[in-house]
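J.: model this:
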Amino acid sequence: MDNNMQKYLDKAEVLIEALPYIQRFNRKVIVVKYGGSAMVDETLKERVIQDVTLLKLVGFKPVIVHGGGKEISRWVGKVGMEPRFVNGLRVTDEATMELAEMVLGKVNKELVQFVEGLGVRAIGISGKDGGLLRVTKKLAGGEDIGYVGEVKDVNAAILWDLLEKDFLPIVCPIGLDDKNDTYNINADDAACAIARAMHAEKLAFLTDIEGVYKDPKDPETLISELKVSEARELMEQGYIGGGMLPKLNNCIDAIENGVSRVHILDGRIPHCLLLEIFTNKGIGTAILDDEGSRFYNG
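T.: Residues are numbered from 1 along each chain as shown. The predicted structure is shown next:
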């Protein structure tokens with residue numbers, strides 16, 4: 001058998017490996033939180049959108065929730081303002097909120113344009129539209145950090161309507177409080193709230209890290225699958241810190257509120273979403289409840 005024929009057989013094997021995953025998750029909701037370096041690098045951006053578009057075309061019901069922190073920081077510096085953070089959360093005064101909404105809106109429509117360019121109908125919406133995301137003020141360690149919101153309610157009917165009409169929803173993490181004031185929402189929080197409200201089959205976080213490590217200094221300690229009880233144990237023992245701590249808490253919250261499985265993926269790896277969802281081993285960390293069955297082989 002020549003090398004060319006083997007190459008085609010290898011491709012066929014990949015397709016066969018993906019078949020049970022396509023069958024299992026057909027017509028299921030997959031919420032993808034899109035952020036980090038994959039939003040800045042144009043090539044990676046194209047790969048992510050290709051992944052999500054493929055999920056839709058093979059029968060999944062994807063919903064994208066995007067961030068834009070790097071782009072907001074760039075524009076804050078561009079207009080001569082100084083970005084401030086407290087416990088990893090951006091201090092958002094009125095001027096910063098106005099700028100953030102403008103930048104996130106621009107990012108939202110760029111993503112719509114990418115998806116539409118691949119032949120899939122997409123609609124970009126803000127959490128303000130139809131009262132999709134209702135919020136209360138979020139504090140950082142008891143400190144007021146301005147117009148930063150904590151999601152208290154999701155009008156999931158809007159997203160279900162879009163999915164039923166065969167659109168791919170792309171959500172900008174901006175919401176309204178009870179006084180109809182505008183608030184910026186951490187994209188991880190928004191994605192988690194939407195996944196809970198829709199009882200999503202999967203919630204995938206695209207990040208700038210490979211996944212969850214028992215020892216962040218040792219790449220050999222990457223954990224492929226992690227049950228909620230094991231995640232709590234790692235946090236209690238001090239293995240988890242920094243930005244991974246709130247992310248892992250979001251994952252646990254999602255699992256305990258009806259999401260079947262959460263994935264933490266390195267968005268810098270091309271097609272990481274497809275590799276995690278459609279292959280036996282996966283490449284990131286999958287988090288599942290204590291009663292959930294192990295899904296990967298090996």
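
J.: then the particular helix or strand that has Arg232 in it to PDB, C-alphas only?
T.: Applying DSSP states H and E as the criterion places Arg232 in helix 228-236. Presented in PDB, the C-alpha positions along helix 228-236 are these (Å, rounded to 0.1, in the frame of the first residue of the first chain):
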ATOM      1  CA  VAL A 228     -16.400  17.300  40.400                       C
ATOM      2  CA  SER A 229     -15.300  15.800  43.700                       C
ATOM      3  CA  GLU A 230     -11.800  15.500  42.400                       C
ATOM      4  CA  ALA A 231     -11.800  19.100  41.300                       C
ATOM      5  CA  ARG A 232     -13.000  20.200  44.700                       C
ATOM      6  CA  GLU A 233     -10.200  18.200  46.300                       C
ATOM      7  CA  LEU A 234      -7.600  19.800  44.100                       C
ATOM      8  CA  MET A 235      -8.800  23.300  45.000                       C
ATOM      9  CA  GLU A 236      -8.900  22.400  48.700                       C
END
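
J.: Can you tell me which helices and strands the following helix or strand past it packs against?
T.: Downstream of helix 228-236, the first helix or strand assigned by DSSP H and E is helix 244-256. Packing partners of helix 244-256 (3 or more CB pairs under 8 Å, 6 or more residues apart in numbering; DSSP states H and E): helix 187-198, strand 202-207, helix 228-236, strand 261-266, strand 285-288. C-beta coordinates here come from the backbone N, C-alpha and C atoms, glycine included.

J.: Give the buried residues for helix 244-256.
T.: Neighbour counts over helix 244-256 (16 or more other CB atoms under 10 Å) mark Met244, Lys247, Leu248, Asn249, Asn250, Cys251, Ile252, Asp253, Ala254, Ile255 as buried.

J.: In the stretch 1-150 of the chain, where is pLDDT below threshold?
T.: 1-2, 8, 10-11 (pLDDT under 70).

J.: tell me the helices in it, going along the chain?
T.: Using DSSP state H, counting those that start in this stretch, the helices of the stretch 1-150 of the chain run over 3-25, 42-57, 69-78, 94-117.

J.: so how far is the second one from its chain's centroid?
T.: Averaging C-alpha positions (CA atoms, centre = their mean, to the nearest Å) puts helix 42-57 13 Å from its chain's average.

J.: Any buried residues in that helix, and which?
T.: Leu44, Lys45, Arg47, Val48, Ile49, Gln50, Asp51, Val52, Thr53, Leu54, Leu55, Lys56.

J.: Same check on the longest one?
T.: Buried residues in helix 94-117, defined by neighbour count with 16+ other CB under 10 Å: 96-97, 99-101, 103-104, 107-108, 110-112, 114-115.

J.: now stretch 142-160
T.: Buried, per 16+ other CB under 10 Å, within stretch 142-160: Ile145, Gly146, Tyr147, Val148, Gly149, Glu150, Val151, Val154, Ala156, Ile158, Leu159.

J.: List the contacts of it.
T.: Contact with stretch 142-160 is made by 63, 86, 89-94, 96-97, 125, 129-140, 169, 171, 175, 177, 181-186, 189-190, 193-194, 196-198, as judged by CB atoms under 8 Å, 6 or more residues apart in numbering.

J.: now do 7 Å
T.: 63, 86, 89-93, 97, 130-139, 169, 175, 177, 182-185, 189-190, 193-194, 197-198 (CB atoms under 7 Å, 6 or more residues apart in numbering).

J.: distance of Ala100 from Gly146?
T.: 11 Å (CB to CB, to the nearest Å).

J.: sorry, that was for Lys45
T.: From Lys45 to Gly146 the distance is 29 Å (CB to CB).

J.: residue contacts, Ile174?
T.: Glu101, Leu104, Ser126, Gly127, Lys128, Thr182, Asn184, Ile185.

J.: Most neighbours among the residues you listed, which one is it?
T.: Gly127 (30 neighbours; other CB atoms under 10 Å).

J.: and the closest residue to it other than its chain neighbours, what is it in contact with?
T.: Distances taken as CB to CB, 6 or more residues apart in numbering put Leu133 closest to Gly127, at 3.0 Å, once the chain neighbours are dropped. With contact set as CB under 7 Å, 6+ apart, Leu133 has these partners: Gly127, Val151, Val154, Gly175, Ile185, Ala190.

J.: Recalculate using a threshold of 10 Å.
T.: Listed by CB atoms under 10 Å, 6 or more residues apart in numbering, the contact set of Leu133 reads 65, 125-127, 149, 151-155, 158, 171-176, 183, 185, 189-190, 193-194, 197.

J.: ok, it to Asn186 distance?
T.: 12 Å.

J.: shared neighbours, these two?
T.: With CB under 10 Å, 6+ apart, Leu133 and Asn186 have common neighbours Gly149, Val151, Pro173.
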